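**Q** Return a 3D structure for these sequence lines:
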Amino acid sequence: MATAAAAALAGATALTGAGPGAAAADGGPAAAQRITIDLAQPEGEVLHGANGALYGLSDDGVPGDAALEPLHLTTISQKPEGGLQHPNGDALTVSESFFRNGGGDVYVMMQDVYQQWPYEDLGLEDYLGKVDAIVRDVAAHEHSDRFVLVPFNEPDFIWYGLNTGDEAEYARNRDRFLADWETVYDRIRAIDPDIRIAGPNESAYDRRFLPDFYSFALEHDCMPDVTTWHELSSSSLAQFQSNYDHYRALEEELGFGPLPVNVNEYANRRDLSVPGQLVQWVSMFERNKVYADQAYWDAAGNLSGNVVRTSVPNGGWWFFRWYAALSGQTVQVTPPQPNTIDTLQGLASLDTDRRQSQAIVGGADGDAEVVFENVDPGVFGQTVSVSVAEATWSGYDGPHPAPQVLSRTLAEVSADGTVTVPLTGMDRMSAYRIVLTPAGEGTPDQPEVPWTASYEAEDAEVTGGEIFTHGTVENANGYAASGTRDVGSLNQENSQVAFTVEVPETGAYDLEVYYGNQTGSPATQRLLVDGAEAATVTYASTLNWTYRATTTVRIELTAGSHTLTLARGTGEATLDKIDLTAATEPAAAYEATLADTTGDPGYDYSSSAGTGTGSLVLADAQDGAVFDVYAPRHGYYTVTPQGTGDGLTLEVNGATVTAEPGEEVRLLLAEGNNRVTVASAGQTALRALEVAGAGDTGGITAYQDTEAVLTGDTVVQENPHASGGSALGYLGGGPGNTAEFTVETAASGTHLLILHYANDDRANNGHDYNTDVISRALDIEVAGQTERVMFRNTFSWDSFWSVAVPVELDAGTHTVRLSNAEDFGPDLDYIELAPVIG
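**A** A predicted model of the protein is given here:
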């Protein structure tokens, strides 16, 4: 168990996370770890190169524009158009959403044209025919210069056996690969002499083969434009720096380069979605200015486990959002144990134009001191404002609100030019962001950090269940689990897990359960408080037993000790841990000086009031702040721009409204992330965007499946898990299978059409580890507008998710027509409609 509490140290700032403090060998508290950030040692412009993903996008619209745009993705890796390896993730198709959301390069894994894994070897001539078609497709694209072709994938064990320990066999295999590399390379260049080619793309860095490869490529004029390899071992965190240094030395030795490097598959299942693990990987890639794509171990279309539902973030997504916000130059970070797995690591930036330094650290339990060295008074003054926030692990499929700000303080820069930020009670699965800005007049508002405690299922009293271990260093491709263990096999009549908890005061508490459910339908457990039935906890389907999601129930507790028991209900679920948090009214303040921007706004730190991070100066209509605002559900929220100056415009979900600084506006936000742009026609010093509320549904009109007019084979079919006990099935699959809803709008303007659906369509490609989930599509026609919308897989035909679509409507009566002339759409529970401006 661990409890969050406030702490403070003179001249600096302090925080506590939700993790237990470390212990020394004598049983006392361990000494704080020390990680230093030298602002006088720049490493080069922030590359943002390590935010990519293999099959991170599955379709145009999946994982969602509001999830993609804020991350400023530099690379993704996808299959060739029409490739058979997976049912979706086609490079040209997903490039539409990738490019419109500011994406950089699309790497095309050419051998994914084949269906089997490992790829079936049908001979070079067969492959060359496929190469021709792939290259012509890409070359014809209007943005062909933003594609990179990867002719071979992991040739060390696929087709060529370069990893053999027999030297004679290695020489034969090597020569065969080199000859084929040259042949394929020349074939590509004959069709498009300018397209970029990457390779050799082995499954690990290969010190035996790479000198042979580059010597041959130089001699035969078939050099790749980008060097690629994979880092997929637990030892990669310890070995990558040595591998990278060896490669750069090889370039100098042979006289080529420096070439861009893309580690186009990295990390294990235990790392994906976990902020404290991801910071270890990303820091080493960013430090060396290489590009890198997270591996594809499970389902396509969720940015390698960092997006929960369409545009719904988890803790891993917020880590990458912080990474995207780094600006200026990265600076030298010295961790307590460099290049060591599961230890405190970090990355940091200094932007002298914005007068900001940002650091992201994590990967260890216990306490730490984050020491900023050479804090320049010419940039920051003699006093700095320090803000600290935490992005926790919320599971692969657990939504994560905006990271909790843990402390805001002012600190004097020491005589030696340092500022020390103590972090206490860190959780190794969390990441922490520390922001330094100049201090101005006044003091920052202290954030309200609610009491919270975590309790591991394996430490509770388990009846009729079994404890399992996951995601250790030794089993790196096991799924992440808090404490590396969970409780499963809770399928007996007497199965239950009883947690002993203690709360500081009487009141309402949010009980968040980390679980897995692979039954194919929603499961339930009975929640007992001190032996009395209190609630039914419902668990939506997850990808598998250990693909962790969360669900939250609010309960009332008196101060003191209690026993919270989760007992078997219907179906089955695994339990990882519970978090118990004092209930508060949802509210967040998004700092303007840390937001994305449009135009060329200024940065003013004359006041430390409010968030303590100064104000963004919007001087004309071109200047703006783009905030990423989280909504726990579709509903209306109170949005307030804070600052001084002229009137503002707020744009969200296609609608625009005006407001004065300090004026509350009621806006309809979609579940998950919402991009809110704030601009000024005059001059405004914008300090923050405050968002409050839990999602008021007043003013949202629902239309049940039974209200639709159906044609063709589309039918209303029973489903006890749908809101009204039924849902539309067989919608689409032909031009005559449609549903039409008649809807009413009271006023003209932008509305959100919210569709609640289920989809568990899957391909059966027989892949060893990828679950080939399929998105389904519907064409939505209303008021003369037609838009194709993709519906992500929900892991069960009984689990209903939702997608929100902005539509422009006049006041009056309208027909919403849903169809798909080619393929079946999802099962549809009901739709909702409401104006964005409430």
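
**Q** part of a strand, is Asp212?
**A** No: according to DSSP: H, G, I helix; E, B strand; the rest coil, Asp212 belongs to no strand; its state is helix.

**Q** Next, the contact list for it, please.
**A** Residues near Asp212 by C-beta atoms under 8 Å, 6 or more residues apart in numbering: 174, 178. All C-beta spots, glycine's among them, are computed from the backbone N, C-alpha and C.

**Q** do the same with Phe209
**A** With contact set as C-beta under 8 Å, 6+ apart, Phe209 has these partners: 156, 162, 174, 200, 202.

**Q** How about Leu543?
**A** 298-299, 396-397, 518, 771, 773, 795.

**Q** just to revisit the earlier point, mind putting the contacts of Phe209 in JSON lines, pLDDT and secondary structure included?
**A** Formatted as JSON lines, those follow (pLDDT from 0 to 100; DSSP: H, G, I helix; E, B strand; the rest coil):
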{"residue": "Asp156", "pLDDT": "98", "secondary structure": "coil"}
{"residue": "Leu162", "pLDDT": "97", "secondary structure": "coil"}
{"residue": "Arg174", "pLDDT": "98", "secondary structure": "helix"}
{"residue": "Pro200", "pLDDT": "98", "secondary structure": "strand"}
{"residue": "Glu202", "pLDDT": "98", "secondary structure": "strand"}
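
**Q** can you count the residues close to Arg176?
**A** When counting by other C-beta atoms under 10 Å, one arrives at 16 neighbours for Arg176.

**Q** Can you give me the pLDDT of it?
**A** We have a pLDDT of 98 for Arg176.

**Q** tell me which strands and helices the helix or strand hosting Ser407 is in contact with?
**A** With secondary structure defined by DSSP states H and E, Ser407 is part of strand 404-412. Strand 404-412 sits against strand 15-16, strand 383-391, with contacts defined as 3 or more C-beta pairs under 8 Å, 6 or more residues apart in numbering; DSSP states H and E.

**Q** Could you look up the next helix or strand downstream of the first one?
**A** By that I understand strand 15-16. Next helix or strand after strand 15-16 toward the C-terminus (DSSP H and E): strand 33-45.

**Q** who does that next one pair up with?
**A** Partners of strand 33-45 in the sheet, by DSSP bridges, are strand 329-334 (antiparallel), strand 366-373 (parallel).

**Q** Now do the same for it: mean pLDDT, whole number.
**A** For strand 33-45, the per-residue pLDDT averages 98.

**Q** the residue most distant from the middle of the chain, which is it?
**A** Ala168 (45.6 Å; C-alpha atoms, centre = their mean).

**Q** Now do the helix or strand containing it: everything it contacts.
**A** Take DSSP H and E as the rule and Ala168 turns out to sit in helix 167-191. Helix 167-191 has contacts (C-beta under 8 Å, 6+ apart) with 124, 127-128, 131-132, 135-136, 139, 149, 151-152, 155, 159-162, 164, 195, 197, 199-200, 208-209, 212-213, 216-217, 220, 222.

**Q** From these, keep the buried residues only.
**A** In the contacts of helix 167-191, burial by neighbour count holds for 127, 131, 135, 149, 151-152, 155, 159-162, 164, 195, 197, 199-200, 209, 212-213, 216-217, 222, counting by 16 or more other C-beta atoms under 10 Å.

**Q** and stretch 831-838, how far from the chain's centre?
**A** Chain-centre distance of stretch 831-838: 27 Å, with C-alpha atoms, centre = their mean, to the nearest Å.

**Q** and what of stretch 476-483?
**A** With C-alpha atoms, centre = their mean, you get 17 Å for stretch 476-483.

**Q** do stretch 293-301 as well
**A** Worked out by C-alpha atoms, centre = their mean, stretch 293-301 lies 12 Å from the chain centre.

**Q** what about that stretch, how long is it end to end?
**A** Terminal residues of stretch 293-301 lie 14 Å apart, using C-alpha to C-alpha, to the nearest Å.

**Q** average model confidence for that stretch?
**A** 97.

**Q** again with stretch 726-741
**A** Stretch 726-741 carries an average pLDDT of 98.

**Q** so His814 sits in a strand?
**A** Yes: assigned with three-state DSSP, His814 falls within a strand.

**Q** As JSON lines, the helices and strands packed on strand 404-412 with mean pLDDT would be great.
**A** Conversion of those to JSON lines gives the following (pLDDT from 0 to 100):
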{"stretch": "strand 15-16", "mean pLDDT": "32"}
{"stretch": "strand 383-391", "mean pLDDT": "98"}
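
**Q** tell me which helix or strand of this protein sits lowest on mean pLDDT?
**A** The helix or strand of the chain with the lowest confidence, counting by mean pLDDT, DSSP states H and E, is strand 15-16 at a mean of 32.

**Q** neighbours around Glu120, how many?
**A** Glu120 has 11 neighbours, counted by other C-beta under 10 Å.

**Q** do the same with Gln382
**A** Using other C-beta under 10 Å, Gln382 has 10 other residues around it.

**Q** how about the closest residue in space to it that isn't next to it in sequence, phi and psi?
**A** Spatial nearest neighbour of Gln382, excluding adjacent residues (C-beta to C-beta, 6 or more residues apart in numbering): Val413 at 5.5 Å. Val413 adopts backbone torsions of phi -70, psi 130, taken as degrees, to the nearest 10.

**Q** State whether Val413 and Val384 are indeed in contact, as I suppose.
**A** Yes: using C-beta atoms under 8 Å, Val413 makes contact with Val384 at a distance of 6.3 Å.

**Q** Now do the helices in this protein.
**A** 65-68, 91-100, 124-139, 167-191, 209-219, 236-254, 275-287, 315-325, 377-380 (DSSP state H).

**Q** Give me the distance from the fifth one to the chain's centre.
**A** This means helix 209-219. Counting by C-alpha atoms, centre = their mean, helix 209-219 is centred 37 Å from the centre of its parent chain.

**Q** average pLDDT for it?
**A** Mean pLDDT, helix 209-219: 98.

**Q** okay, the angle between it and helix 167-191?
**A** 40 degrees (axes from the mean of the first three to the mean of the last three C-alpha atoms, to 10 degrees).

**Q** circling back: for the residue farthest from the centre of the chain, report the pLDDT, please.
**A** 98.

**Q** ok, so what distance separates it from Phe213?
**A** Going from Ala168 to Phe213 by C-beta to C-beta, to the nearest Å gives 18 Å.

**Q** about what we covered before: tell me which residues touch the residue nearest to Gln382, please.
**A** Counting by C-beta under 8 Å, 6+ apart, Val413 touches 375, 377, 380-384, 419.

**Q** which of these count as buried?
**A** Neighbour-count burial (16+ other C-beta under 10 Å) applied to the contacts of Val413 gives 375, 380-381, 383-384, 419.

**Q** how about low-confidence regions in this protein?
**A** 1-29 (pLDDT under 70).

**Q** could you redo the last one with a cut-off of 80?
**A** 1-30, 765-766, 768 (pLDDT under 80).

**Q** which residues does Ile134 contact?
**A** Neighbouring residues of Ile134 by C-beta under 8 Å, 6+ apart: 80-81, 108, 110, 113, 149.

**Q** quick check, nearest of those residues to Leu92?
**A** Ranked by distance to Leu92 (C-beta to C-beta), the contacts of Ile134 are led by Glu81 at 4.5 Å.

**Q** from memory the closest one sits against Ser95, does it?
**A** No: taking contacts as C-beta under 8 Å, Glu81 lies outside contact range of Ser95: 9.5 Å.

**Q** Which one's more surrounded, those two?
**A** Comparing Glu81 with Ser95 by other C-beta under 10 Å, the one with more neighbours is Ser95, at 25 against 18.

**Q** so how far is Arg196 from the closest residue to the more buried one other than its chain neighbours?
**A** Distance criterion C-beta to C-beta, 6+ apart; nearest residue to Ser95, sequence neighbours excluded, is Val106 at 5.2 Å. Val106 sits 11 Å away from Arg196 when distances are taken as C-beta to C-beta.

**Q** quick one: common contacting residues for the two?
**A** Common neighbours of Val106 and Arg196 (C-beta under 8 Å, 6+ apart) are 147-148.

**Q** wait, doesn't Thr340 sit right on Leu237?
**A** Yes: in terms of C-beta under 8 Å, Thr340 counts as a neighbour of Leu237; the distance is 7.2 Å.
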